[in-house]
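Peer 1: need a structure here:
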Amino acid sequence: MFEWNPLLIAGRPILYFVYGLAFFLLGFAILIQRRKSSRLKLAKTLPWLALFALIHGLAEWGYLFIPLNEPYLSPGAVQGLRLIQILLWILSFVFLICFGLALFEKSYKKSLFLWPMGVFGALLVFFLWLADHSIGIWLASDEMEIFARYVLCIPGASLAAFGLNRQRVELRNLGSKWLLRNLEIAVLSFAGYALAGGLVAPEAAFFPANVINVVNFKNLFGFPVELLRAGLGTMMAFSILNVLRMYELEDQKRFVEINRREALAAERERISRDLHDGVIQSIYAVGLTLQRLKKTGTSDPQWTLQLEYVLNSLDTVVTDIRRYIQNLLPENDGKELLGDVDWLEDALSLPVEIKTDSRMLSRLSPAASEHLNLIIREALTNVSRHAQATSASVCFRTRSDGLEVEIKDNGKGLAKADNPGERKEGMGLRNIKSRVAALNGTCEIVFTETGTSVQVWIPWEGNIIAEKGEGTGS
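Peer 2: Numbering: from 1, shown residues only. You can find the predicted model right below:
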């Protein structure tokens, strides 16, 4: 059998360095790619996994750096470093348990109370060690490591594996088989880590550590379990990093949904306008004609009753058409508009501050809300492309006669030397002004040296396409 001892001795520093680096890069990548506007459940729970990966990477690096510096440190300093390493190792698995619990809806809130308990417990043990250094000897013992692996590592990795497997349905909706394959690899790597990292513990006199331990593992398979753990950790990191592509697929799906909703809203608006301006007005003209016939007609009671019946029927038809027009337009509670602004913040990588009360937005008609959504989208897109801004803000202000919206950025703006009369207005700004005009509102675009401000005012009244009108009857 191939002898692994020389390879392990020579490659142990590289092994632990790559092992810790894989986890540390995983946690860092999760944090920098996080999308707070994502509606995926997995995205909302990934910060727990990031905390586990970052802290666990630091703890695993301890197996590399502490032995390298041990000849230059006092025994007390070495013991203190090992205690910190063990506390970080335990704390990382507390966060892994939080991640697993967060993937189960009914248990999600429990994880919010678990991590403070883990931090408090780690600090308590650390302060006890400061009071009595003999506690450090017990913490560094094999019994403590076995206890931590059985109680924390196995449940944490198992919960993560089962929880990730539950996300298959959600990620399948993104339409990527490649994404699902990486999720399956992540599930297998966490399940394998529960066995290799939790069940295979140091040798001890009690069960199951007297049977399933690192010594028997090496005797059975011919290589140390540390190598398997490093491989599983690396596979876990790469698979989760690939799963993060779900943000890109979600953005693509969101773009398609927004374009579909925009096209649907435009078609509904066209149908509503045609019904209101065409069909209803034609019925109204027929009603006026019948009204004149009623005034100039005969005195026959039967004739009068029939005209009254026809006029009432026309009023009923107009009422039904108006109700149908209103039903064509989606409900508006303001949340969809604010959600789209949050999503644009992530999609454009531009911090956007929102100042509003969503209840005021519900006063807008659905058509006005849709126009306002596209106005804000166009303005923020222009900021991201041309303004070289580091932040932007969208402020909604309530006025007695309407809603005022200001989209402002801290970009380069225009220099004082620019001639305002020579500025060319792009298609985006023309679209913004066109949409504002369709809502009977006003739009002012202010260019300064410190940024650009798009100020829009929309009246409360007059922005509903299907307005109430007079009946055809008397």
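Peer 1: for residue 40, phi and psi?
Peer 2: Here is the backbone geometry of residue 40 (degrees, to the nearest 10): phi -80, psi 140.
Peer 1: That one: how many residues sit nearby?
Peer 2: Per other CB atoms under 10 Å, the neighbour tally for residue 40 reads 18. Glycine gets a C-beta too; all of them are placed from N, C-alpha and C.
Peer 1: lowest average confidence, helix or strand, in the protein?
Peer 2: helix 108-131 (a mean of 56; mean pLDDT, DSSP states H and E).
Peer 1: what's the closest non-adjacent residue to residue 190?
Peer 2: residue 161 (3.9 Å; CB to CB, 6 or more residues apart in numbering).
Peer 1: Give me the neighbour count for that neighbour.
Peer 2: 20.
Peer 1: and stretch 427-447, which residues are buried?
Peer 2: Neighbour counts using 16 or more other CB atoms under 10 Å place 429, 432-433, 435-436, 439, 441, 443, 445 of stretch 427-447 among the buried residues.
Peer 1: And the strands in this protein, which stretches?
Peer 2: For the chain, the strands defined by DSSP state E cover 352-355, 392-399, 402-409, 442-448, 451-459.
Peer 1: how far out from the middle of the chain is the first one?
Peer 2: Looking back up the chat, that one is strand 352-355. 16 Å (CA atoms, centre = their mean, to the nearest Å).
Peer 1: returning to that earlier point: out of the strands of the chain, nearest to residue 177?
Peer 2: Taking CB to CB, strand 352-355 is the member of those nearest to residue 177, at 34.0 Å.
Peer 1: Let me see the mean pLDDT of that closest one.
Peer 2: Mean per-residue pLDDT for strand 352-355: 82.
Peer 1: Next: stretch 151-165.
Peer 2: 91.
Peer 1: who's in contact with it?
Peer 2: By CB atoms under 8 Å, 6 or more residues apart in numbering, the list of residues contacting stretch 151-165 from outside reads 42, 45, 49, 52, 90, 93-94, 96-97, 99-104, 183, 186-188, 190-191, 193-194, 197-199.
Peer 1: 7 Å - rerun?
Peer 2: Stretch 151-165 is touched from outside by 90, 93-94, 96-97, 99-101, 103-104, 183, 186-187, 190-191, 193-194, 197-199, with contacts defined as CB atoms under 7 Å, 6 or more residues apart in numbering.
Peer 1: quick one, helices of the stretch 51-200 of the chain?
Peer 2: Using DSSP state H, counting those that start in this stretch, the helices of the stretch 51-200 of the chain run over 75-102, 108-131, 134-139, 142-148, 154-165, 168-172, 177-193.
Peer 1: Okay, now the unreliable bits of the stretch 301-450 of the chain?
Peer 2: Residues of the stretch 301-450 of the chain meeting the criterion pLDDT under 70: 302-303, 320, 322-340, 343-344, 346-348, 357-363, 366, 413-426.
Peer 1: same thing but at 90, please
Peer 2: 301-404, 407-442, 444-450 (pLDDT under 90).
Peer 1: what does the domain assignment say about the protein?
Peer 2: As assigned by automatic domain parsing, the chain contains the domains 5-244, 254-328, 335-459.
Peer 1: now could you export just the CA positions of stretch 158-166 as CSV?
Peer 2: In CSV, the C-alpha atoms belonging to stretch 158-166 read as follows (Å, rounded to 0.1, in the frame of the first residue of the first chain):
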residue,chain,number,x,y,z
SER,A,158,-26.5,17.4,8.3
LEU,A,159,-29.0,20.3,8.6
ALA,A,160,-27.1,22.2,5.9
ALA,A,161,-27.3,19.1,3.6
PHE,A,162,-31.0,18.5,4.2
GLY,A,163,-31.8,22.3,4.0
LEU,A,164,-29.9,22.8,0.7
ASN,A,165,-31.7,19.7,-0.7
ARG,A,166,-35.0,21.5,0.0
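Peer 1: List the buried residues of that stretch.
Peer 2: 158-161, 163-165.
Peer 1: just how off-centre is it within its chain?
Peer 2: Distance, centroid of stretch 158-166 to centroid of chain: 20 Å (CA atoms, centre = their mean).
Peer 1: May I see the buried residues of stretch 161-180?
Peer 2: For stretch 161-180, using 16+ other CB under 10 Å, the buried residues are 161, 163-165, 167, 171, 174, 176, 179-180.
Peer 1: re earlier: mind putting the buried residues of stretch 158-166 into JSON lines with distance to residue 393?
Peer 2: Formatted as JSON lines, the buried residues of stretch 158-166 follow (distance: CB to CB, whole Å):
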{"residue": "158", "distance to residue 393": "45"}
{"residue": "159", "distance to residue 393": "40"}
{"residue": "160", "distance to residue 393": "38"}
{"residue": "161", "distance to residue 393": "43"}
{"residue": "163", "distance to residue 393": "37"}
{"residue": "164", "distance to residue 393": "37"}
{"residue": "165", "distance to residue 393": "41"}
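Peer 1: ok, of those residues, which one's closest to residue 263?
Peer 2: residue 164 (36.0 Å).
Peer 1: how close does the closest one sit to residue 239?
Peer 2: For residue 164, the distance to residue 239 equals 10 Å [CB to CB, to the nearest Å].
Peer 1: and for those two, which residues touch both?
Peer 2: Between them, residue 164 and residue 239 share the contacting residues residue 186, judged by CB under 7 Å, 6+ apart.
Peer 1: you'd agree residue 51 is up against residue 95?
Peer 2: Yes. Counting by CB atoms under 7 Å, residue 51 touches residue 95, with 4.3 Å between them.
Peer 1: which one of these two has more residues nearby?
Peer 2: residue 95 (26 against 21).
Peer 1: Surely the more buried one and residue 50 touch.
Peer 2: No. Between residue 95 and residue 50 there is no contact under CB under 7 Å: 8.6 Å.
Peer 1: low-scoring stretches of the stretch 1-150 of the chain, by residue?
Peer 2: Judged by pLDDT under 90, the stretches of the stretch 1-150 of the chain that qualify are 1-22, 25, 29, 31-45, 47-48, 59-95, 97-98, 100-149.
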